[in-house]
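>>> coords below, sequence missing:
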């Protein structure tokens, strides 16, 4: 039996991160379809968002308040992408009633612990860097990258090149690759700061007395 439920009511019960990822993916897909038909969403209050579901299978999302684009279509699309990301982080962290855009931007590091690890770079990019990409495009690009890596690995293991469709070089695919590279660079920088620099400082503290001792012996 299918049930229609407000996002507010659904989010008031326990759900896994995977459940939230699925619903935010579907919400983003629905939003993108509205944009493709020249509509945008005017209210992201979870009381104004409903969906039909049977068990955990969500089949349909409806935004109650939407209208046709004005003369600023690109800005309105960007704002919708931002608002959905803001809504997602607010729900993940259970801070939505109190959260403000400025506070989230300035304190995003504190919210990372509430987010799915593989989605952190996406939300950080949208909410703090104004890199407006559809969440569904980001997830699709990530899946394509993973499939490509798997195919490349299988081809390498078999010692031969197999024909196959390459990952489409969409804006989302490029953005995903850039975000992953930035994340890896950030991780390497964090590793350097946390582990390598203390090691170098410790090594220097040991070597300097040793050199002084050796110089003393040679004089």
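Nice, I can see it. Predicted model only: the values in this text are computed from it and were never measured.
>>> only C-alpha atoms for contact and neighbour calcs from this point on.
Fine.
>>> Regarding residue 59, what is its secondary structure?
With DSSP: H, G, I helix; E, B strand; the rest coil as the basis, the three-state label of residue 59 is strand.
>>> Go ahead and confirm residue 31 touches residue 41.
Yes. Counting by C-alpha atoms under 8 Å, residue 41 is a contact partner of residue 31 at 7.5 Å.
>>> of those two, who's got more company?
residue 31 (25 against 22; other C-alpha atoms under 10 Å).
>>> what's the more buried one in contact with, if anything?
Each residue near residue 31 by C-alpha atoms under 8 Å, 6 or more residues apart in numbering is listed here: 40, 41.
>>> On the three-state scheme, it is what?
Residue 31 - assigned by three-state DSSP - is helix.
>>> One more: residue 133?
Under three-state DSSP, the three-state class of residue 133 is coil.
>>> and it, how many residues sit next to it?
Residue 133 has 20 neighbouring residues, counting by other C-alpha under 10 Å.
>>> Tell me how far it lies from residue 50.
Residue 133 sits 23 Å away from residue 50, going by C-alpha to C-alpha, to the nearest Å.
>>> which residues of this protein score low on pLDDT?
The model of the chain has pLDDT under 70 over residues 1, 55-56, 146-219.
>>> can you pull out the helices in it?
Using DSSP state H, the helices found in the chain span residues 7-11, 17-36, 73-93, 101-106, 120-129, 135-158, 171-191, 197-218.
>>> helices or strands up against the shortest one?
Contacting helix 7-11 under the criterion 3 or more C-alpha pairs under 8 Å, 6 or more residues apart in numbering; DSSP states H and E are the following elements: strand 49-54.
>>> can you check the fifth one too?
The helices and strands touching helix 120-129, judged by 3+ C-alpha pairs under 8 Å, 6+ apart, are helix 73-93, helix 101-106, helix 171-191.
>>> Let's see that with 7 Å instead.
Judged by 3 or more C-alpha pairs under 7 Å, 6 or more residues apart in numbering; DSSP states H and E, helix 120-129 is in contact with helix 73-93.
>>> quick one: contacts of the helix it packs on?
Residues outside helix 73-93 that contact it (C-alpha atoms under 7 Å, 6 or more residues apart in numbering) are 40-41, 44, 96, 99, 111, 114-115, 123, 126-127, 132, 134.
>>> what's the burial count for residue 9?
Neighbours of residue 9 (other C-alpha under 10 Å): 11.
>>> and it, how far is that from residue 126?
When distance is defined by C-alpha to C-alpha, residue 9 is 26 Å away from residue 126.
>>> repeat for residue 39
In this view, residue 39 and residue 126 are 21 Å apart by C-alpha to C-alpha.
>>> Show me what counts as buried in stretch 46-62.
46, 49, 50, 51, 52, 53, 58, 61, 62 (16 or more other C-alpha atoms under 10 Å).
>>> Look at it and report the distance between its end residues.
Criterion C-alpha to C-alpha; first-to-last residue distance in stretch 46-62 is 11 Å.
>>> what's next to it, contact-wise?
For stretch 46-62, the surrounding residues in contact (C-alpha under 7 Å, 6+ apart) are 1-8, 27, 30, 63-65.
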